[in-house]
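1. Can you look at this prediction? I've put the sequence above it.
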Amino acid sequence: MNSNEQEMLLRNTIEGLSLYGIFDSGPGLTIAKMIGDAHKSLSNPSAGNLYARLFRELAAWAETSGIPPAGSLWQNFLLDQIILDQNSFTRMASASMLSPGRSLSGLVYDAAGKDLTGLRNIIDLDLSELLPGREKNQFRGLLKARLDPPAEEPPDSTPGSAILDLKKNLLENDGWSLAPEMLNRFHYQYGCGIFCRYLAFRWDGSAKKLLGIQHPDPVRLENLIGYGNERAQVIQNTERLLAGFPAGNLLLYGDRGTGKSSTVKALIHRYGLQGLRIIEIPGHCLTDYLCILQHLEDSGLKFILFVDDLSYEENETDYKTLKSILDGSLQARPDKVAIYATSNRRHLVREYFEDRRDDVHGGDTLQEKLSLSERFAVTVLFLSPDQELYLKIVEGLARQRGLTVPPGELRARALEWERWNNGRSGRTARQFVESLVSGS
């Protein structure tokens, strides 16, 4: 295929896309500029500059995206953009599987098929062929050279593994006649846009957007020792959420270092590929609640809004926002969303005796503060472990780390560590075992 034919194919493909916005920004926009005016762009020195810029952008994407690469620089970028693009097809597929037909979802499905057919026609192009002779020889084949596969395959429990499998399948499928169905199933299971790329997120209150967490805390439920009954309540509520049944908002309350936060964080590794996403929200950002819900409304996934170490000082009034959220404001909480909060303070708002005597209606003020924790459907209590549970946690962690300290010595040193450090807790047990591992 000569350069004029490639240019015409690219131009027709870009102009014919009805759903996918791949060429609206970033490297895609650079490509659009390269063919935007063949007589001006490809017959003067700026063509080589655009191609060099395109190479830099594609290389940067492959290096920093965090998505395992497949194919060439150009193929890798195009496949990633197809998978991550947010459009009517990917959003509707995420909410409910689409089928061909004359309904709106059917029309969108058919439009996606036409877009994908066009994109398949350009995925094997060598874009250096678009350049004039001198630049063509300089850059020939640069974007077509295949990337090295990842040194390690991503774990099966991560979105990266599913994305890599899909990319490989698309590369091996010549005509992409099955591509709409493959993507349909992928988005239904993993979501679309940022939600199919990450399992855990952090809410950025200043930018009012979700930030994906590339490497969430690796803690696993099966590695947490003790507090089985407490964690069973959290697991049961989470499974109700995933099954589409009404799930309550949870308050995990108790002593420091007992594993409240770890219990919530570990849920993502067990249920992430079953449709669960966790969004960590700073307590002061709960006023963004309705804005956060807007980011979730097009997704068919389930979400835990996680507020860690929640508490309010006596002069703070943000707790009234939380009360409104938990009680139900004019906008009802979606069934796919639940709020999980951890706290070391039983009633969440610090109490002072002044609350009881300085206010004319002091009883009302006090009750308003004390009633906040009651707005949670379930309160799960994590108390400091007694000596036997503390030692059980130490022994379990030592086994997980492969330590061979004699049991009697291990218990004696663990009790001595607890006396000289932070008291009995799961965190203290972990710190003790880590000190043994490091030899300190």
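-> Structure's in. What do you need? These numbers were taken from a predicted model, which means no experiment stands behind them.
2. What segments of this structure are strands?
-> Assigned strands in the chain, in chain order: 200-204, 209-213, 250-254, 276-280, 302-307, 337-343, 378-382 (criterion: DSSP state E).
3. Residue 26 is nearest to which of these?
-> strand 209-213 (17.1 Å; Cβ to Cβ). Every residue, glycine included, has its C-beta placed from N, CA and C.
4. This structure - how does it break down into domains?
-> Domain segmentation of the chain under automatic domain parsing yields 3-196, 200-382, 387-438.
5. comparing the ones you listed, which gets the lowest mean pLDDT score?
-> Ranked by mean pLDDT, the domains of the chain bottom out at domain 200-382, with a mean of 82.
6. From one end of it to the other, what's the distance?
-> 24 Å (Cα to Cα, to the nearest Å).
7. what distance separates that domain from the centre of its chain?
-> 17 Å (Cα atoms, centre = their mean, to the nearest Å).
8. Same check on stretch 93-109?
-> On Cα atoms, centre = their mean, the centre of stretch 93-109 falls 25 Å from the chain's centre.
9. Next, the contact list for residue 148, please.
-> Residue 148 sits next to residue 69 when contact means Cβ atoms under 8 Å, 6 or more residues apart in numbering.
10. Make JSON lines out of the strands of the chain and add mean neighbour count.
-> Output for the strands of the chain, formatted as JSON lines (neighbours: other Cβ atoms under 10 Å):
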{"stretch": "strand 200-204", "mean neighbour count": "20"}
{"stretch": "strand 209-213", "mean neighbour count": "16"}
{"stretch": "strand 250-254", "mean neighbour count": "24"}
{"stretch": "strand 276-280", "mean neighbour count": "22"}
{"stretch": "strand 302-307", "mean neighbour count": "24"}
{"stretch": "strand 337-343", "mean neighbour count": "24"}
{"stretch": "strand 378-382", "mean neighbour count": "19"}
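11. Mind checking the ones you listed for the one nearest to residue 49?
-> Nearest of the strands of the chain to residue 49, taken as Cβ to Cβ: strand 209-213 at 32.4 Å.
12. Neighbouring strands - and their directions - for that closest one?
-> Sheet pairing for strand 209-213, assigned by DSSP bridges, gives strand 200-204 (antiparallel).
13. what does the strand it pairs with contact?
-> Under Cβ under 8 Å, 6+ apart, the answer for strand 200-204 is 194, 209-213, 216, 265, 268, 272, 277-282, 285, 288, 292.
14. And for stretch 208-226?
-> With contact meaning Cβ under 8 Å, 6+ apart, stretch 208-226 is reached by 66, 194, 197-204, 231, 235, 259, 262-263, 265-270, 278-280, 288, 291-292, 295, 385, 389, 392-393, 396-397, 400, 426.
15. And the buried ones among those, selectable in PyMOL?
-> In PyMOL, a selection of the buried entries from the contacts of stretch 208-226 looks like this (16 or more other Cβ atoms under 10 Å):
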select buried, resi 194+197+198+199+200+201+202+203+231+235+259+262+263+265+266+267+268+269+270+278+279+280+288+292+295+385+389+393+396+397+426
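16. Take the contacts of stretch 208-226 and keep only those in helices.
-> Judged by DSSP state H, those include 231, 235, 262-263, 265-270, 291-292, 295, 389, 392-393, 396-397, 400, 426 as members of helices.
17. Share the number of residues neighbouring residue 261, please.
-> Using other Cβ atoms under 10 Å, residue 261 has 18 other residues around it.
18. count of residues packed around residue 17?
-> Neighbour tally, residue 17, other Cβ under 10 Å: 18.
19. For it, give its distance to residue 82.
-> Distance, residue 17 to residue 82, by Cβ to Cβ, to the nearest Å: 11 Å.
20. Give me the common contacts of these two.
-> residue 119.
21. All the helices of the stretch 51-200 of the chain, residue numbers only.
-> Per DSSP state H, counting those that start in this stretch, the stretch 51-200 of the chain carries helices over the ranges 73-84, 88-95, 104-122, 133-139, 159-172, 179-190.
22. want to throw those helices into TSV with distance to residue 249 and mean neighbour count?
-> Formatted as TSV, the helices of the stretch 51-200 of the chain follow (distance: least, Cβ to Cβ, whole Å; neighbours: other Cβ atoms under 10 Å):
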stretch	distance to residue 249	mean neighbour count
helix 73-84	31	22
helix 88-95	23	22
helix 104-122	33	18
helix 133-139	57	14
helix 159-172	26	18
helix 179-190	26	19
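23. JSON lines please, covering those and showing distance to residue 431.
-> Formatted as JSON lines, the helices of the stretch 51-200 of the chain follow (distance: least, Cβ to Cβ, whole Å):
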{"stretch": "helix 73-84", "distance to residue 431": "40"}
{"stretch": "helix 88-95", "distance to residue 431": "42"}
{"stretch": "helix 104-122", "distance to residue 431": "52"}
{"stretch": "helix 133-139", "distance to residue 431": "55"}
{"stretch": "helix 159-172", "distance to residue 431": "31"}
{"stretch": "helix 179-190", "distance to residue 431": "37"}
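24. so which of these gets nearest residue 415?
-> Using Cβ to Cβ, the nearest of the helices of the stretch 51-200 of the chain to residue 415 is helix 159-172, at 43.1 Å.
25. The closest one to helix 104-122, inter-axis angle?
-> The directions of helix 159-172 and helix 104-122 differ by 70 degrees, with axes from the mean of the first three to the mean of the last three Cα atoms, to 10 degrees as the criterion.
26. Just want the angle from helix 159-172 to helix 73-84.
-> Using the same axes, to 10 degrees: helix 159-172 against helix 73-84 is 120 degrees.
27. Check what contacts helix 159-172 and list those residues.
-> Outside helix 159-172, the residues that reach it (Cβ under 8 Å, 6+ apart) are 66-68, 70-71, 75-76, 79-80, 82-83, 150, 153-155, 176, 179, 182-183, 186, 189-190, 196-199, 272-273.
28. and the gap between the residue lying closest to residue 241 once chain neighbours are set aside and residue 189?
-> Of all residues not flanking residue 241 in the chain, residue 247 sits nearest, at 3.7 Å (Cβ to Cβ, 6 or more residues apart in numbering). Distance, residue 247 to residue 189, by Cβ to Cβ: 20 Å.
29. do the same with residue 88
-> Computed as Cβ to Cβ, the residue 88 to residue 189 distance reads 19 Å.
30. List the contacts of the residue nearest to residue 433 when sequence neighbours are not counted.
-> The shortest distance from residue 433 to any non-neighbouring residue, by Cβ to Cβ, 6+ apart, is to residue 397 (4.3 Å). Residue 397 makes contacts with 225, 429, 430, 433, as judged by Cβ under 8 Å, 6+ apart.
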